[in-house]
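1. Fold the following and give me the result.
(one chain, ligands or ions: 2)
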Amino acid sequence: MATSPRHFLDLASHETAYLRHLLELTGRVKAGEFGGRPLEGRTLAMIFRKSSTRTRVSTEAGMAQLGGHALMISDRDSQMARGETVADTAKVLSRYVDGILIRAFGHDEVVELAREASIPVINGLTDLLHPCQVMADLFTAAEEFGEDPAALRVAWIGDGNNMANSWLNAARRFGFPLRLACPPEYGPDPEILCRARSAVDVELVRSPAEAAAGAHIVTTDVWASMGQEDEQRAREVAFAGYQVDEAVMDRADPSAIFLHCLPAHRGEEVTAGVIDGPRSRVFDEAENRLHVIKAILLDLIG
Ligand code: CP
Ligand code: NVA
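-> Residues are numbered from 1 along each chain as shown. Ligands and ions are numbered 1, 2, ... in the order given. Predicted coordinates for the structure are as follows:
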């Protein structure tokens, strides 16, 4: 009997040991250990139902660097956008390629694709989660503070969105304390929050300064994610006071760094002084997306 493929859809469904293995593999990738062509002859389909710069380019470049091939399937040119079912798409692509990376709106679509596919599926962002990004964030943190994420104190400021949910899953898996400052009505997913709270020290606090106090990592994201463009104005009002500025960073640990998955809106969720300042690691973080996705690809389809 064929064994089920292993997927990378979220951190919560993997053991901490496996996530640590991926971070360790990422370090070996970054150190140049896989310079041959370990994915020669392998093809990855990349379904993008939303825009992307980092995820798309790091995955396509990563596949090429490992000797494989990646092909882009956007809503403009696939039958999925015209109503072909997720199940049929999964079954057909499974006959052609060795893995699928998908960026979608609903998380359920990605779960269904993985259930119906006979090849590994990687979540390249949904409205609920962005697991490849948070792995890059954890790797960036490890480069700065050492190998053990459990020793970190993390502050999430702003929208309780896919990145906030992913940090909650990371806190649960690695056991580090997480403080979140989100406006009322814009908190993280209640179920993910509840599961994290039952496992680890997670606190919803009232102000960014309170969240940042003593933190090693201060992180945020845009106020309106992809698909929420119509809410931009209302969100600007709701999120006033949730900007990461120099005063917020001053509350953090003296060694603290600033992370942001990008794209960023300077003057909204973060000041230019912080994101372009000495404590920002956002471009290392963006670079690490490449090393992380290569590690995931090596592990899943190598
Ligand atoms: N951080 C991130 O996922 O960026 P893209 O939307 O450009 O892929
Ligand atoms: N929260 C953002 C992340 C972009 C990488 C979004 O979903 O648009």
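2. so does stretch 211-228 get close to ligand 1?
-> No - Stretch 211-228 lies apart from ligand 1 when judged by C-beta under 6 Å from any ligand atom; the minimum separation is 7.5 Å. No exception for glycine: its C-beta is placed from N, CA and C like everyone else's.
3. Just the CA trace of that stretch, in PDB.
-> What follows is stretch 211-228, C-alpha atoms only, in PDB (Å, rounded to 0.1, in the frame of the first residue of the first chain):
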ATOM      1  CA  ALA A 211       3.500  43.400  24.500                       C
ATOM      2  CA  ALA A 212       7.000  44.700  23.700                       C
ATOM      3  CA  ALA A 213       8.300  44.900  27.300                       C
ATOM      4  CA  GLY A 214      11.400  42.700  27.600                       C
ATOM      5  CA  ALA A 215      10.800  41.000  24.200                       C
ATOM      6  CA  HIS A 216      13.600  39.700  22.000                       C
ATOM      7  CA  ILE A 217      11.500  39.700  18.900                       C
ATOM      8  CA  VAL A 218       9.100  42.500  18.100                       C
ATOM      9  CA  THR A 219       7.000  41.600  15.000                       C
ATOM     10  CA  THR A 220       4.000  42.900  13.100                       C
ATOM     11  CA  ASP A 221       2.300  42.800   9.700                       C
ATOM     12  CA  VAL A 222       0.100  44.900   7.500                       C
ATOM     13  CA  TRP A 223      -3.200  46.100   8.900                       C
ATOM     14  CA  ALA A 224      -5.200  44.800   5.900                       C
ATOM     15  CA  SER A 225      -4.100  41.500   4.400                       C
ATOM     16  CA  MET A 226      -4.700  40.300   0.900                       C
ATOM     17  CA  GLY A 227      -8.400  40.000   0.400                       C
ATOM     18  CA  GLN A 228      -9.200  42.700   2.900                       C
END
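4. and it, which residues are buried?
-> 211-213, 215-226 (16 or more other C-beta atoms under 10 Å).
5. Could you work out the most separated pair of those?
-> 213 and 226 (31.1 Å; C-beta to C-beta).
6. wait, what's in contact with residue 116?
-> 86, 87, 90, 91 (C-beta atoms under 8 Å, 6 or more residues apart in numbering).
7. returning to what we had before: which members of the buried residues of stretch 211-228 are positioned in helices?
-> With DSSP state H as the criterion, helices contain 211, 212 from among the buried residues of stretch 211-228.
8. Out of the contacts of residue 116, the closest to ligand 2 would be?
-> Using C-beta to the nearest ligand atom, residue 86 comes nearest to ligand 2 of the contacts of residue 116, at 19.8 Å.
9. Excluding chain neighbours, give the residue nearest to that closest one in space.
-> residue 112 (4.7 Å; C-beta to C-beta, 6 or more residues apart in numbering).
10. For the helix or strand the one you found falls within, give the mean pLDDT please.
-> Take DSSP states H and E as the rule and residue 112 turns out to sit in helix 107-116. Mean per-residue pLDDT for helix 107-116: 98.
11. Can that helix be said to contact ligand 2?
-> No - interface with ligand 2: helix 107-116 contributes nothing (C-beta under 6 Å from any ligand atom), its closest point being 11.7 Å away.
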